[in-house]
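In: no sequence on hand, only this structure:
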């Protein structure tokens, strides 16, 4: 006979195997139920741990009947066991436990529904997720995402149109987490919902479930967007879906096709702006042409797009704007983009990179922009970059950024110029008044010396 033990107080209590050899199954079930009714939580825990593998729907039903009669601690344990059993006969009792006054019981019930629930529990989980917070909300969401059954995905989609806003958000999130490709069309509608959170979640999930074939519809949404936040979120969706196109020279095609037909300035700006997020080189001539348009907003959108280009290709275009534009905003935006793109430049030798940073510094109109240049310079890894950063150590308004740049550059050249890097770090450790920076420099130096 197989024997299992648990500890109740200081007494070892033998619990015979509940099926197989030993007790007959009916007797084993009766024994477990007697223990559950006993009120002895230690024995209850031992019995509950042994019921997971006991076969039979009747056992599940008998356990479910006892569930609400147990203490909260034992209910949590039994709910976990019922979930592991995976027997749908326990579902009604688990659903009822979601309404328990005890939060730990509610959370355990919600978790169990991830294993026991089906399409009939979609609404319950979505509503609970919408109204709960913390661990309870997470349990409801996780179970909604894990539900199994052939009808679950369709029920999620069917419930979206009539749900209240906060529940709609949870259902839409479920579409993304479950990667329901059939959800694209419903989400193209909810992306126009009257509730901002619903629209935002729709755009976020469309990035996941939409495919390149949906780009024209997404571009249309971008053109029709009524708020800056909607335009921003929709741009992210368009760019994310465009990047799913393998041919990089075709990723911006849907935007480029729509752009000539759009006359409204705000919409044109939105389309120009998304081109920078996509980064298709075929869009560069369109952006450089937009720089010559009379409308300052169009020019601004084109500059912003060039400034966030994923490669250094528009580098010289931005330098030209930063050097010669009569519009102060345009000069600043171009300068910031110029500095960012220098950090992406991989074709030029180190000396040429440093010259570009020096050019940027000469174009910087104030201390704030000079600090930005030094922050960009910190990513360079050359002696020339180190010398440029060191030249600003004695300028009071720039010394902090210069010190930071020196430490980062020294770390970057440590492999090729270890002696120079160590000497530089020691000087910073000795001279800086910034305790945090001193610690960072010391950490880099310690690693090198090890």
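Out: Okay, I see it. Every value quoted in this text rests on a predicted model; they were computed, and no experiment measured them.

In: from memory residue 248 sits against residue 280, does it?
Out: Yes. If you go by CB atoms under 8 Å, residue 248 and residue 280 touch, sitting 6.3 Å apart. For the C-beta atoms, the positions are set from N, CA and C on the backbone; glycine is no exception.

In: part of a helix, is residue 66?
Out: Yes. Counting by DSSP: H, G, I helix; E, B strand; the rest coil, residue 66 is part of a helix.

In: wouldn't it be in contact with residue 35 here?
Out: No. Between residue 66 and residue 35 there is no contact under CB under 8 Å: 9.9 Å.

In: between the two, which one's more packed in?
Out: Using other CB atoms under 10 Å, the more surrounded residue of residue 66 and residue 35 is residue 35, with 21 against 18.

In: tell me the contacts of the more buried one?
Out: Applying CB atoms under 8 Å, 6 or more residues apart in numbering, we find residue 35 in contact with 43, 44, 46, 47.

In: which helix or which strand is home to the first one?
Out: Following DSSP states H and E, one finds residue 43 within helix 41-49.

In: would you mark the buried spots in that helix?
Out: Judged by neighbour count (16 or more other CB atoms under 10 Å), helix 41-49 contains these buried residues: 43, 44, 45, 46, 47, 48.

In: and if you look at stretch 191-206?
Out: 191, 193, 198, 199, 200, 201, 202, 203, 204, 205, 206.

In: looking at those, which are in helices?
Out: Using DSSP state H, the members of those that fall in helices are 198, 199, 200, 201, 202, 203, 204, 205, 206.

In: and these as a markdown table, adding pLDDT?
Out: Listed next are those as a markdown table, based on pLDDT from 0 to 100:
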| residue | pLDDT |
| --- | --- |
| 198 | 98 |
| 199 | 97 |
| 200 | 97 |
| 201 | 98 |
| 202 | 98 |
| 203 | 98 |
| 204 | 97 |
| 205 | 98 |
| 206 | 98 |
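
In: out of those residues, which is nearest to residue 59?
Out: residue 205 (40.7 Å; CB to CB).

In: correct me if wrong: the closest one contacts residue 176.
Out: Yes. Using CB under 8 Å, residue 205 is in contact with residue 176, at 3.6 Å.

In: what's the neighbour count on residue 368?
Out: Around residue 368 there are 10 residues (other CB under 10 Å).

In: so it, which of the three states?
Out: Secondary structure state of residue 368, per three-state DSSP, is helix.

In: do you know how far it is from residue 397?
Out: Counting by CB to CB, to the nearest Å, the separation of residue 368 from residue 397 is 10 Å.

In: go on, residue 280?
Out: 40 Å.

In: what's around residue 399, how many residues?
Out: Using other CB under 10 Å, residue 399 has 17 other residues around it.

In: repeat that for residue 432.
Out: Residue 432 has 20 nearby residues by other CB under 10 Å.

In: what residues are up against it?
Out: 403, 438, 441.

In: isn't the second one up against residue 429?
Out: Yes. The pair residue 438 and residue 429 qualifies as a contact (CB under 8 Å) at a distance of 5.5 Å.

In: any common contacting residues for those two?
Out: Counting by CB under 8 Å, 6+ apart, nothing touches both residue 438 and residue 429.

In: which one of the contacts of residue 35 is nearest to residue 53?
Out: Nearest to residue 53 among those, with distances taken as CB to CB, is residue 47, at 13.1 Å.

In: gap between that closest one and residue 36?
Out: Taking CB to CB, one finds residue 47 at 6 Å from residue 36.

In: returning to what we had before: now, which of the buried residues of helix 41-49 sits nearest residue 167?
Out: Closest approach between the buried residues of helix 41-49 and residue 167, by CB to CB: residue 48, at 33.6 Å.

In: if I look at residue 449, how far off is residue 381?
Out: 20 Å.

In: what's the answer for residue 201, then?
Out: According to CB to CB, residue 201 and residue 381 sit 42 Å apart.

In: just the helices in the stretch 151-300 of the chain please.
Out: Using DSSP state H, counting those that start in this stretch, the helices of the stretch 151-300 of the chain run over 152-159, 165-177, 184-190, 196-209, 215-224, 228-242, 253-258, 265-278, 284-290, 296-307.

In: do you know which of those lies nearest residue 345?
Out: Closest approach to residue 345 among the helices of the stretch 151-300 of the chain is made by helix 296-307 (14.4 Å; CB to CB).

In: thank you kindly, that will do.
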